[in-house]
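Participant: What follows is a predicted protein model with its sequence.
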Amino acid sequence: MDRIYVETVVRAPLDAVWAATQDPAAHQRWDARFTTIERAPAGPDGLRRFGYSTTLLPGLHIGGIGVYAAERVSPTTATSALRFAGTHPLALIGTGSGYWRYRQTTDGVQFLTGYDYRPAWGRLGRIADIAFRPLIGWATAWSFDRLRLWLEHGVRPEVALGRAIATTAVRLLAIAGAVALGARVAVPVTALALYLTPVPFVPSALRCCMRAITAASSAGISAPNAVEYRPFEPAGVRRANRIVMSPGSEDPSKRRMWSICASSGSSTSPDSSHSRTRSALANQFPV
């Protein structure tokens, strides 16, 4: 399965983006994937544990646990790497790992994430993940745009959610009315309702860059003088994926992205302390 990747540009100070994404109380407000996020103090190893849950129905909370390490590399860049595991019997996500990257640019903060996981439930989980993975990727992108609206325009996440529900309801009503009038009207109205340009100040996943990271697309590609972003890899995985973005344009539609696969071993960071942090994280949830 493809790794989930989402990127956006937030026209706000890096400190504001960092605070809204690293503070659990703020994070759970804009991220549709979680209802609650609770964080424990850092342990002797410097890693921070956290618990998360999503309420699907009244009384039904699907949750998990995780551990992460965050570092501000410089005043203009930052990284947060994590590992996580579902703990509820109904949790489709088994174990996984991912990262957040922040980079201050002239257009704003380039905020991106890449993560992957192994489905639970055995073969049934792998089948269910065919539909679930695109859905969780869409939820990630939608949430990133919800965060952007909050920090750029002051649209509170709760207000943004209400606007999204109202907009969706209007589109569904338009589709239902068109269907009642017959196929000749229903087809164009449905297409218009589904693919209509995102409404201003309403979150939309379409505003984010979503690219699937696959090994097949990386064969024979090199990127001299490129900026390299290395995701945190699960322990025991022989292939080391590196996301490489060409410098220059900050427009996601114009930037080239590749996944460079090493022959064996895990990727290492030039910063030995960061490499040790990655190793410590890997020991928390062996995959």
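Facilitator: Ah, there it is. Numbers count the residues shown, from 1 in each chain.
Participant: tell me the contacts of residue 73?
Facilitator: By Cβ atoms under 8 Å, 6 or more residues apart in numbering, the residues touching residue 73 are residue 79. C-beta coordinates here come from the backbone N, C-alpha and C atoms, glycine included.
Participant: Now the helix or strand where it lies: buried residues?
Facilitator: Assigned by DSSP states H and E, residue 73 belongs to strand 60-74. Taking 16 or more other Cβ atoms under 10 Å as the neighbour-count basis, strand 60-74 is seen to contain the buried residues 62-70.
Participant: do stretch 198-215 as well
Facilitator: Judged by neighbour count (16+ other Cβ under 10 Å), stretch 198-215 contains these buried residues: 202-205, 207-211, 213.
Participant: pull the CA atoms of the strand holding residue 73 into PDB?
Facilitator: Presented in PDB, the C-alpha positions along strand 60-74 are these (Å, rounded to 0.1, in the frame of the first residue of the first chain):
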ATOM      1  CA  LEU A  60     -17.900   3.800  21.100                       C
ATOM      2  CA  HIS A  61     -14.300   5.200  21.300                       C
ATOM      3  CA  ILE A  62     -11.700   3.700  19.000                       C
ATOM      4  CA  GLY A  63      -8.200   4.600  20.400                       C
ATOM      5  CA  GLY A  64      -4.500   3.900  20.500                       C
ATOM      6  CA  ILE A  65      -1.200   4.900  22.000                       C
ATOM      7  CA  GLY A  66       2.000   6.300  20.700                       C
ATOM      8  CA  VAL A  67       5.300   7.900  21.400                       C
ATOM      9  CA  TYR A  68       7.000  10.800  19.600                       C
ATOM     10  CA  ALA A  69       9.900  13.100  19.600                       C
ATOM     11  CA  ALA A  70       9.900  16.700  18.300                       C
ATOM     12  CA  GLU A  71      12.800  19.000  17.600                       C
ATOM     13  CA  ARG A  72      13.200  22.500  16.300                       C
ATOM     14  CA  VAL A  73      16.200  22.200  14.000                       C
ATOM     15  CA  SER A  74      16.500  25.900  13.400                       C
END
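Participant: Parallel or antiparallel, which strands does it pair with?
Facilitator: Here strand 60-74 is paired, per DSSP bridges, with strand 48-57 (antiparallel), strand 77-86 (antiparallel).
Participant: from the chain's centre, how far out does the first one sit?
Facilitator: This means strand 48-57. Strand 48-57 has its C-alpha centroid displaced from the chain centroid by 16 Å (Cα atoms, centre = their mean, to the nearest Å).
Participant: and if you look at the last one?
Facilitator: Using Cα atoms, centre = their mean, the distance from the centre of strand 77-86 to the centre of the chain it belongs to is 11 Å.
Participant: show me where this protein has strands.
Facilitator: 4-10, 36-39, 48-57, 60-74, 77-86, 93-105, 108-119, 209-210, 227-229, 241-245, 257-261 (DSSP state E).
Participant: right, and those - which one's nearest residue 144?
Facilitator: strand 4-10 (4.6 Å; Cβ to Cβ).
Participant: Next, the residues that contact that closest one from outside, please.
Facilitator: 17, 98, 105, 107-116, 133, 136-137, 140-141, 144-145, 147-148, 151-152, 207-213, 243, 250, 252, 257.
Participant: Which one among the buried residues of stretch 198-215 sits at the bottom for pLDDT?
Facilitator: Lowest pLDDT of those: residue 213, 47.
Participant: Give the rounded mean pLDDT of the strand holding residue 73.
Facilitator: The model assigns strand 60-74 a mean pLDDT of 88.
Participant: Give me the distance from it to the chain's centre.
Facilitator: Relative to the mean C-alpha coordinate of its chain, strand 60-74 is positioned 12 Å out (Cα atoms, centre = their mean).
Participant: Strand 93-105 and that strand, what's the angle between them?
Facilitator: 30 degrees (axes from the mean of the first three to the mean of the last three Cα atoms, to 10 degrees).
Participant: May I have the beta-bridge partners of residue 101?
Facilitator: Applying DSSP bridges, one finds that residue 101 bridges with residue 79, residue 112.
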